[in-house]
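Novice: Output the structure for:
(one chain, ligands or ions: 1)
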Amino acid sequence: MQSNILKPQNEFSLFFVFDINKNELEVLSSLSHLETKRAEIVKKYNSDITATISFGYNIWEDWMSSKLSFATPSGFQPFKKLVSPNLSTESGKKKFHYAPATNGDVFIHVNSERMDLNYQLVSALLFKHKQDIKVLVDISGYKYLGGRDLTGFIDGTKNPDTLKEKTETAIIQSSDLQAASKEVKHVMENGSFVLVQKWVHNLEKWETVNETDQEKVIGRKKPDSKPVVPRPETSHVARSILMENGKQYKILRASFPYGNKTGNVAGLLFCSYCKDLSVIDKMLRKMYGLRDQNVKGTVLYDRTLDYSQAVTGSYFFTPSLNVLEEIGRRALSESGISSKL
Ligand code: HEM
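Specialist: Numbers count the residues shown, from 1 in each chain. Below you'll find the model as predicted:
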């Protein structure tokens, strides 16, 4: 599998989403050199750096499937715009929340102790393709106060923690693929799916809310992340816990804050891996009030949406390192280019 899914996250993450406009095969070939470029940086700077490369639905269909003969991962779909039902409880008024779909061809996710090395890796992969790509998201996130979101709340408390739990949550294993064809198994084994969403916080509005009410919005206490009891059904935690038939379905979050409290744009770059894309999709639908109502028929949505707006939304498939390198080899032979890098 690729190196950045299961490793504990160091201080800085770079989230880089782009479309490929031309020379697709050459760009795919360069991207497949991820592991070599990463190892060079580790050696040169004696610093750990991990990275994953993931692909959007359109490029998978247009290039990996159609031109390079890879199967399409089952359950793969593009991110589709979400719009809540009318959330206003006042008659004559309407209020909606929405999550835009921006997708993108490629997502590079890098993490290390040094922001400069993160840039170094992305530059090493893409330096000769500046004219071939259009950048959609380029966010450098940093750990804030030891792991808090800019709202001041600890983010990650209930994230899968042990290697076993992380693997079971995020990595597609052969036991998950019993019903799949040989071709689909080949593409999916040791892969993952990932949601990337850039959220912009309205911190001015958030900071007018007193701490007790903020805790009701999140569903956890601000100082230590202990649960708020009883847990409000519109809290973020209540809306993001996904239970089906007595089983809790989890995702592996690797989100980082970006920007700063005094700047114009600050928020959370939400990033989460899961072996089953429908789990992430269902969580989002719960958050946007598209799944549950309370006994009085009021739509239950996530109150954090009143303080934070998603401005991008993309789903990607993260192939195993073997498949990533095979994409490069097939791209190279399809294009007839030489592999000098
Ligand atoms: C503005 C964006 C978001 C912020 C600021 C945020 C923040 C938080 C915080 C503070 C917690 C509580 C501590 C913890 O368990 O980590 C939490 C939990 C969680 N969040 Fe988010 N989150 C955001 C978006 C999302 C999205 C988009 C999803 C899913 C698609 C999500 C899924 C979860 C899950 C699964 C939990 C753990 C729930 C549990 O098992 O207790 N979050 N988040």
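
Novice: Against which helices or strands is the helix ranked longest in the chain packed?
Specialist: In the chain, assigned by DSSP state H, the helix with the most residues is helix 321-335. If you count contacts as 3 or more Cβ pairs under 8 Å, 6 or more residues apart in numbering; DSSP states H and E, helix 321-335 packs onto helix 24-31, helix 34-45. Any C-beta I mention is one placed from the backbone N, CA and C, and that applies to glycine too.

Novice: Go through those and pick out the most buried.
Specialist: helix 24-31 (a mean of 22; mean count of other Cβ atoms under 10 Å).

Novice: Quickly find the element holding the residue most central in space within the chain.
Specialist: Nearest to the geometric centre of the chain sits residue 271, at 2.6 Å (Cα atoms, centre = their mean). Per DSSP states H and E, residue 271 falls inside strand 267-274.

Novice: tally of neighbours for the nearest residue to residue 83 once chain neighbours are set aside?
Specialist: Nearest residue to residue 83 in three dimensions, chain neighbours excluded: residue 98, at 4.6 Å (Cβ to Cβ, 6 or more residues apart in numbering). By other Cβ atoms under 10 Å, 14 other residues sit near residue 98.

Novice: quick one: contacts for residue 98?
Specialist: Neighbour list for residue 98: 81, 82, 83, 84, 288 [criterion: Cβ atoms under 8 Å, 6 or more residues apart in numbering].

Novice: so can I have a markdown table of those residues showing neighbour count and pLDDT?
Specialist: Formatted as a markdown table, the contacts of residue 98 follow (neighbours: other Cβ atoms under 10 Å; pLDDT from 0 to 100):
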| residue | neighbour count | pLDDT |
| --- | --- | --- |
| 81 | 10 | 98 |
| 82 | 19 | 97 |
| 83 | 13 | 97 |
| 84 | 19 | 96 |
| 288 | 23 | 97 |
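
Novice: could you pick out which of the residues you listed are near the ligand?
Specialist: Filtering these for proximity to the ligand by Cβ under 6 Å from any ligand atom leaves nothing.

Novice: of those residues, closest to the ligand?
Specialist: residue 288 (9.6 Å; Cβ to the nearest ligand atom).

Novice: Surely the closest one touches residue 99?
Specialist: Yes: proximity of residue 288 to residue 99 meets the contact threshold set by Cβ atoms under 8 Å, at 6.5 Å.

Novice: which residues are in contact with both of these two?
Specialist: With Cβ under 8 Å, 6+ apart as the test, residue 288 and residue 99 both reach residue 82.

Novice: Run the chain-centre distance for the longest helix of the chain.
Specialist: 24 Å (Cα atoms, centre = their mean, to the nearest Å).

Novice: tell me the angle of it relative to helix 24-31?
Specialist: 140 degrees (axes from the mean of the first three to the mean of the last three Cα atoms, to 10 degrees).

Novice: Mind listing what's buried along helix 321-335?
Specialist: Buried residues in helix 321-335, defined by neighbour count with 16 or more other Cβ atoms under 10 Å: 321, 323, 324, 325, 326, 327, 328, 330, 331, 332, 334.

Novice: Also near the ligand: which of the residues you listed, exactly?
Specialist: Answer for these near the ligand: none qualify (Cβ under 6 Å from any ligand atom).

Novice: can you give me the strands in the chain?
Specialist: 12-20, 49-55, 82-83, 98-99, 106-112, 133-142, 192-201, 242-244, 247-249, 252-253, 256-258, 267-274, 308-310, 314-318 (DSSP state E).

Novice: CSV please, covering the ones you listed and showing distance to residue 235.
Specialist: Shown next, in CSV, are these (distance: least, Cβ to Cβ, whole Å):
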stretch, distance to residue 235
strand 12-20, 26
strand 49-55, 30
strand 82-83, 19
strand 98-99, 19
strand 106-112, 28
strand 133-142, 24
strand 192-201, 17
strand 242-244, 14
strand 247-249, 16
strand 252-253, 17
strand 256-258, 20
strand 267-274, 17
strand 308-310, 14
strand 314-318, 25
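
Novice: If you drop the residues flanking it in sequence, what lies closest to the residue in the stretch 1-150 of the chain that the ligand sits nearest to?
Specialist: Residue nearest to the ligand within the stretch 1-150 of the chain: residue 149 (4.4 Å; Cβ to the nearest ligand atom). Distance criterion Cβ to Cβ, 6+ apart; nearest residue to residue 149, sequence neighbours excluded, is residue 155 at 4.3 Å.

Novice: Spit out the contact partners of that neighbour.
Specialist: Counted by Cβ under 8 Å, 6+ apart, residue 155 has contacts 147, 148, 149, 253, 255, 268.

Novice: for the ligand, what are the nearby residues on the stretch 1-150 of the chain?
Specialist: residue 149.

Novice: doesn't residue 318 make contact with residue 2?
Specialist: Yes: using Cβ under 8 Å, residue 2 makes contact with residue 318 at a distance of 6.0 Å.

Novice: Comparing these two, which residue is more hemmed in?
Specialist: Set residue 2 next to residue 318 and count neighbours by other Cβ under 10 Å: residue 318 wins out with 27 against 24.
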